[in-house]
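>>> how does the following fold in three dimensions:
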Amino acid sequence: MSFSLHPRSGTLAGKSSHDGSPAVSRRRLQSILIVDDNPSNAELLRELLAARGYRCNTVEHAEEAETEIRRELPDLILLDVVMPGKSGYQLCRELKNDPATRLIPVVFITGLTDRLDRIKGIEAGADDFLNKPIAPEELFARVKSLLKLKEFTDELENAESVLCTLGRSVESRDPYTEGHCERLSRNASGLGLRLGLGDESITALRRGGFLHDLGKIAIPDEILKKDGNLTPAEWTVMKQHPVIGENICRPLKSLRLVLPIIRHHHEHSDGSGYPDGLRKSDIPLLPRILQVVDVYDALRTARPYKPALTHERSAQTMLQEAKAGLWDEDLVHEFFRMLQDQEQVA
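Modelled structure (predicted):
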């Protein structure tokens, strides 16, 4: 089961004061999905929460919940455990395994009190529990706390989105690199999948495709867009962009796996890269992966000082350079096997 992201609707319009200025700003009503096969229980929860200003939808079964979540991602899910068909445990586990829904808080509403039932819920990924019969004040406190945490999570995601937009803006400064970020994001995450890396690493590679050159936002155009060779002084400035990009992204803990990609994607296996002169054994795997797809994209892209190489010529060049000690030779071979397999499927 997978879910695609949809824009969230539902706003509270602010009233106007006597002078015509808004007294209350427009804000989005937080949405709660209530999943309970007992309509009386679901309606009671809906009424209680609606009275506190939440926008609530109720469904009776897991399958209906899946349909509703596809329509609109809720901010919080109140989920019964024992239902006909798919249980609450099963639905919660699927939601927490899906990148599109894993950050939605899930609260189990249950009459089960056995310790093993609670452990089973924790293993399924539940964020909290409410036991029946539900005390309204406890319900309000749990819901308020989890929705506040969800707001913080959304803010982090929005900050990442802004950074990725900045990454695209860096790319837009150079007309020769149109689509570069998207291609790197796609190829790097694809190679990571082929290598059997986990979800967090795949996400880091996807984000790294957009953020790897973010530090170039601080590089002057006369250096970034220069047609000829850079002077030693200009090259010193250019080599700082991985450090600058890392420093921009460092405050976001959710980007911790992306930071090495940003800093080390210009390192070479023989130690001749920058900014730290690392050798292959010291360069983390994720930067080495992005490095391979970045070099390929650069070879395939026309620049003022060089034409675009064919796929065959690019492969030959990269394999020669890998043997000479610039790139991870195993990753280069695996990358071109991936491209070959993709071409056959297409």
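>>> which is the next helix or strand following the top helix by length along the chain?
Secondary structure of the chain per DSSP state H: the longest helix is helix 136-172. Next helix or strand after helix 136-172 toward the C-terminus (DSSP states H and E): helix 180-194.
>>> just want the angle from that next one to helix 136-172.
120 degrees (axes from the mean of the first three to the mean of the last three CA atoms, to 10 degrees).
>>> what's helix 180-194 in contact with?
Helix 180-194 is contacted by residues 164, 167-168, 171, 201-203, 205-210, 212, 286, 289-290, 292-294, 296-297, 301, 331, 334-335, 338, 342 when judged by CB atoms under 8 Å, 6 or more residues apart in numbering. Just so you know, the C-beta spots here come from the backbone N, C-alpha and C atoms, and that holds for glycine as well.
>>> how about that helix: buried residues?
Residues of helix 180-194 classed as buried: 180-181, 183-185, 187-192 (neighbour count, 16 or more other CB atoms under 10 Å).
>>> list the helices and strands the helix or strand in which residue 333 is found packs on?
Using DSSP H and E, residue 333 maps to helix 329-345. Other helices and strands packing on helix 329-345, by 3 or more CB pairs under 8 Å, 6 or more residues apart in numbering; DSSP states H and E, are helix 180-194, helix 285-300, helix 311-323.
>>> before we move on, the earlier item: can you flag the buried ones in the contacts of helix 180-194?
Neighbour counting by 16+ other CB under 10 Å classes 164, 167, 171, 201-203, 205-210, 212, 286, 289-290, 292-294, 296-297, 301, 331, 334-335, 338 among the contacts of helix 180-194 as buried.
>>> how near is the residue most central in space within the chain to residue 192?
Here the mean C-alpha position of the chain is nearest to the C-alpha of residue 203 (CA atoms, centre = their mean), at a distance of 5.6 Å. Counting by CB to CB, to the nearest Å, the separation of residue 203 from residue 192 is 9 Å.
>>> the longest helix of the chain - what's its average pLDDT?
What helix 136-172 shows for mean pLDDT is 79.
>>> how far does it sit from its chain's centre?
12 Å (CA atoms, centre = their mean, to the nearest Å).
>>> that helix: which residues count as buried?
Within helix 136-172, the residues scored as buried using 16+ other CB under 10 Å are 139, 142-143, 146-147, 150, 160, 163-164, 166-167, 170-171.
>>> got it, and stretch 227-239?
234, 238.
>>> now the stretch 201-346 of the chain, which segments are flagged as low pLDDT?
Where the stretch 201-346 of the chain drops to pLDDT under 70, the residues are 346.
>>> related to what we said a few turns ago, the longest helix of the chain packs against which elements?
Packing partners of helix 136-172 (3+ CB pairs under 8 Å, 6+ apart): helix 39-51, strand 76-80, strand 106-110, strand 128-131, helix 180-194, helix 199-211.
>>> that one versus helix 39-51: what angle between them?
Going by the same axes, to 10 degrees, helix 136-172 makes 70 degrees with helix 39-51.
>>> shift numbering so it begins at 55
In the new numbering, first residue 55, that becomes helix 190-226.
>>> between helix 190-226 and strand 130-134, how many degrees?
Angle, helix 190-226 to strand 130-134, by the same axes, to 10 degrees: 130 degrees.
>>> residue 156: which element?
Residue 156 belongs to no helix or strand, assigned by DSSP H and E.
>>> now it: closest residue in space, sequence neighbours ignored.
Of all residues not flanking residue 156 in the chain, residue 150 sits nearest, at 5.0 Å (CB to CB, 6 or more residues apart in numbering).
>>> residue 253 versus the one you found, what's the distance?
Using CB to CB, residue 150 is found at 11 Å from residue 253.
>>> compare these two and say which is more crowded by neighbours.
Remark: of residue 150 and residue 253, residue 150 carries more neighbours, 16 against 12, as counted by other CB atoms under 10 Å.
>>> for the strand or helix carrying that one, C-alpha coordinates in CSV please.
Element membership for residue 150, per DSSP H and E: helix 142-151. Output of helix 142-151 as CSV, limited to C-alpha atoms (Å, rounded to 0.1, in the frame of the first residue of the first chain):
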residue,chain,number,x,y,z
GLY,A,142,-5.6,-1.6,13.4
TYR,A,143,-2.2,-3.2,13.9
GLN,A,144,-2.0,-4.1,10.2
LEU,A,145,-3.1,-0.7,9.0
CYS,A,146,-0.7,1.1,11.4
ARG,A,147,2.2,-1.0,10.3
GLU,A,148,1.5,-0.3,6.6
LEU,A,149,1.2,3.5,7.3
LYS,A,150,4.5,3.6,9.2
ASN,A,151,6.3,1.7,6.5
